[in-house]
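Asks: Next come a sequence and a model predicted from it.
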Protein chains: 2
Amino acid sequence: MVAQADSEFLFEKVALIGVGLIGSSLARAFRSRRIVRQISVSARSQATLDRVLELGLAESAHSDPVKAVEGADLVILCAPVGTYDSIASVIGPHLKPGVIVTDVGSVKQAVIRDVDQYLPDGVHFVPGHPIAGTEKSGPDAGFAELFDGRWCILTPPPGADHRAVEAVTELWRRCGSMVEIMEAGHHDKVLAITSHLPHLIAYTIVGTATDLEESERAEVVKFSAGGFRDFTRIAGSDPVMWRDVFLNNREAVLEMLQRFSEDITVLQRAIRWGEGDTLENLFFRTREIRQGVVEAHQAGSFDPREPKADQ
Amino acid sequence: MVAQADSEFLFEKVALIGVGLIGSSLARAFRSRRIVRQISVSARSQATLDRVLELGLAESAHSDPVKAVEGADLVILCAPVGTYDSIASVIGPHLKPGVIVTDVGSVKQAVIRDVDQYLPDGVHFVPGHPIAGTEKSGPDAGFAELFDGRWCILTPPPGADHRAVEAVTELWRRCGSMVEIMEAGHHDKVLAITSHLPHLIAYTIVGTATDLEESERAEVVKFSAGGFRDFTRIAGSDPVMWRDVFLNNREAVLEMLQRFSEDITVLQRAIRWGEGDTLENLFFRTREIRQGVVEAHQAGSFDPREPKADQ
Ligand SMILES: NC(=O)c1ccc[n+]([C@@H]2O[C@H](COP(=O)([O-])OP(=O)(O)OC[C@H]3O[C@@H](n4cnc5c(N)ncnc54)[C@H](OP(=O)(O)O)[C@@H]3O)[C@@H](O)[C@H]2O)c1
Ligand SMILES: NC(=O)c1ccc[n+]([C@@H]2O[C@H](COP(=O)([O-])OP(=O)(O)OC[C@H]3O[C@@H](n4cnc5c(N)ncnc54)[C@H](OP(=O)(O)O)[C@@H]3O)[C@@H](O)[C@H]2O)c1
């Protein structure tokens, strides 16, 4: 299944179920790096299916996911995680032994719970999550280099087929990613703090600002370059995708939120009592973490200037 | 004082007290757009003074701010706001009638309280705050276009000299900014939500992650591309500058923090009880705010890819 030389395709036919930011970025990477020979896709709306064909991202596009998985040797779920249960129940009976099923969902324990039950014997499930993304959605938002230099976490259950895990690992490597294997529960904890809580906080603070009186609300947008704008970017992320993330990683998110709330209470006190040292000490520590992120080449790049008109 | 034609200098000699990100960006804009004829600077360390001269950003650099303001017709305070009281007490007696004093500090009521008391009669104080910045510090971090298309808020006290306000307004316009005049207390409230609270939250969450066990901490950096990295950027901002901001805008920050805490409690409940609609509704609302920020051209530009090696 794994090709011998890089010039060979890794898979003959891949089915992408859901083809928004992540799915279309995969399709672009598969095409430009000649990773798979043939791509079929399924999505909810006809508009997305049409657009994907227009962009030349797939050989075939189907509203029925069963049609999309026909003859595929790799199936990748790229829809919001709340849809996985019903998608798996529909395509499960049509998967042949030897087929590999993987996904890109931002939570992993719930995905395993929802998907595994519908997969027939001999179908290999290798859950995955690329730690890469933007706040944009839909097939036009994707680009081939999204996964370059980013980590992809795989959470194969105990006893997973070794060759299937290897094949999915190689797939992500060819997309430019580094691969890390970990236990699903551990993934959900780590991502609760590195991704889910940050999004929840950003949504909250932008919401707090929205609840101000009308006149102040206009000013919030006008003067957003002082820091607020960065939170609006994150809080501009897809509402359905994120609703599903929070509903499906409840425990870990609530635990991290509890820790965060305690920590903010400490700062609140420090501000109230004018304890400058407490503030400064923390701010020096967090600056070191930033340095670590930059040195790990995981920072992306922010330019305070507006994008050029031609971009 | 205000020049008649754009080709003329607006001021003969400007003194910048503090010449880090903001001060050096001003110096660069003043030079490249021929806004002032001569620049003198003062900073705390010899290293900064040397570097500023090396970069060609000033005609003279002095550790003693009194030397820097000698013969200046405009003085701009560009140090952390906690230093304004002592700087003003030192330079105050040496300022001649007709001189304009302004600043770039992120809070305004406290700055007026600290500075005004030391200024002799006939010296015009026009407090200001450019809503522009990055997380970097020091004279190498500045660039001439930092203020392009950004708002600068001026908070002249009642009865302020009309021509002085006009001159400072024109200065910021020539730096590329739009100018808004408002009352200092209102400024402090608006900035508490658009800038101070976002920074506080970012510092907190990065701190929460730092407090995890050693092994998890390494993973936090490694997998930061899921959203956390954006908070680390903000939490990488200058510790001293931000300590001073929180200590000097206590009331407004604590009030906004209170609102934020209430809002996050609502979301916490929604997650706990699986109320997807509550989450989704909020997330759709916040996406609209993001749209507003982009349409107002205040979004800056984020690229999820790493900066090119040559940048
Ligand atoms: N965005 C990120 O930063 C990021 C990062 C890592 C992982 N992920 C994960 O990647 C997955 C997709 O996210 P995304 O950002 O690519 O979302 P997206 O841009 O909103 O795209 C979602 C895609 O799923 C399709 N879809 C929705 N419901 C479906 C259903 N019931 N059956 C079939 N297709 C359906 C949508 O079709 P229509 O276009 O027709 O609505 C769309 O093509 C999620 O599980 C998310 O957790 C996202
Ligand atoms: N950063 C932003 O995004 C931003 C945005 C808007 C407004 N502001 C405001 O702009 C001001 C400066 O911020 P910044 O980001 O430019 O800071 P910065 O890069 O850290 O520079 C601060 C400058 O002030 C000097 N300084 C410190 N203490 C001093 C003292 N006692 N006397 C004289 N100079 C002193 C420093 O000298 P050394 O280099 O020798 O230490 C340095 O040149 C602050 O009031 C801040 O609230 C900042």
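Replies: Thanks, I have it. Ligands and ions are numbered 1, 2, ... in the order given.
Asks: the bottom helix or strand of chain A by mean pLDDT?
Replies: helix A:214-222 (a mean of 87; mean pLDDT, DSSP states H and E).
Asks: Quickly check: it near chain B or not.
Replies: Yes. Interface with chain B: helix A:214-222 contributes A:E216, A:E219, A:V220, A:V221, A:K222 (C-beta under 8 Å from any C-beta of the partner chain). Every residue, glycine included, has its C-beta placed from N, CA and C.
Asks: What about the first one, how many residues nearby?
Replies: By that I understand A:E216. 15 (other C-beta atoms under 10 Å in any protein chain shown).
Asks: Leaving out chain neighbours, which residue sits closest to it?
Replies: Using C-beta to C-beta, 6 or more residues apart in numbering or on different chains and skipping residues adjacent in sequence, the residue nearest A:E216 is B:V190, 6.7 Å away.
Asks: Relative to ligand 2, which residue of the stretch 151-300 of chain A is the closest?
Replies: Going by C-beta to the nearest ligand atom, ligand 2 is nearest to A:G226 of the stretch 151-300 of chain A, at 7.0 Å.
Asks: How about the stretch 1-150 of chain A?
Replies: Nearest residue of the stretch 1-150 of chain A to ligand 2, counting by C-beta to the nearest ligand atom: A:E135, 22.2 Å away.
Asks: Correct me if wrong: that residue contacts B:V293.
Replies: No. In terms of C-beta atoms under 8 Å, A:E135 does not count as a neighbour of B:V293; the distance is 11.7 Å.
Asks: Have a look at those two and say which one is more surrounded.
Replies: More crowded of A:E135 and B:V293, by other C-beta under 10 Å: B:V293, with 24 against 21.
Asks: name the element the more buried one belongs to?
Replies: According to DSSP states H and E, B:V293 maps onto helix B:276-295.
Asks: Report the angle between that helix and helix A:214-222.
Replies: Counting by axes from the mean of the first three to the mean of the last three C-alpha atoms, to 10 degrees, helix B:276-295 points 60 degrees away from the direction of helix A:214-222.
Asks: buried set for the least confident helix or strand of chain A?
Replies: Of the residues in helix A:214-222, A:R217, A:E219, A:V220, A:V221, A:K222 count as buried by neighbour count, 16 or more other C-beta atoms under 10 Å in any protein chain shown.
Asks: centroid residue for chain A?
Replies: What sits nearest the mean C-alpha location of chain A, by C-alpha atoms, centre = their mean, is A:S106, with 5.1 Å.
Asks: That one: what's it in contact with?
Replies: A:V81, A:H129, A:L191, A:S195, A:H196, A:M241, A:V245, A:N249, B:G226 (C-beta atoms under 8 Å, 6 or more residues apart in numbering or on different chains).
Asks: mind running it again at 10 Å?
Replies: Shown in contact with A:S106 (C-beta atoms under 10 Å, 6 or more residues apart in numbering or on different chains): A:22, A:80-81, A:129-131, A:133, A:187-188, A:191, A:195-196, A:199, A:241-242, A:244-245, A:248-249, B:226-227.
Asks: Output the contacting helices and strands for the top helix by length along chain A.
Replies: Across chain A, the longest stretch assigned as helix under DSSP state H is helix A:250-272. Applying 3 or more C-beta pairs under 10 Å, 6 or more residues apart in numbering or on different chains; DSSP states H and E, one finds that helix A:250-272 makes contact with helix A:109-116, helix A:184-191, helix A:197-210, helix A:239-248, helix A:276-295, helix B:197-210, helix B:239-248, helix B:250-272.
Asks: now it: mean pLDDT?
Replies: The average pLDDT within helix A:250-272 is 97.
Asks: and if you look at stretch A:9-29?
Replies: 98.
Asks: any idea which helix or strand carries the residue in the stretch 101-250 of chain A positioned nearest to ligand 1?
Replies: Nearest residue of the stretch 101-250 of chain A to ligand 1 (C-beta to the nearest ligand atom) works out as A:G133 at 1.9 Å. A:G133 belongs to no helix or strand when assigned by DSSP H and E.
Asks: Next up, the contacts around A:P198.
Replies: By C-beta under 10 Å, 6+ apart, the contact list for A:P198 reads A:192, A:231, A:234, A:256, A:260, B:201-202, B:205-206, B:209, B:224, B:226-232.
Asks: so what's A:L95 closest to, chain neighbours aside?
Replies: Spatially, and ignoring its direct neighbours in sequence, A:L95 is nearest to A:V123 (4.8 Å; C-beta to C-beta, 6+ apart).
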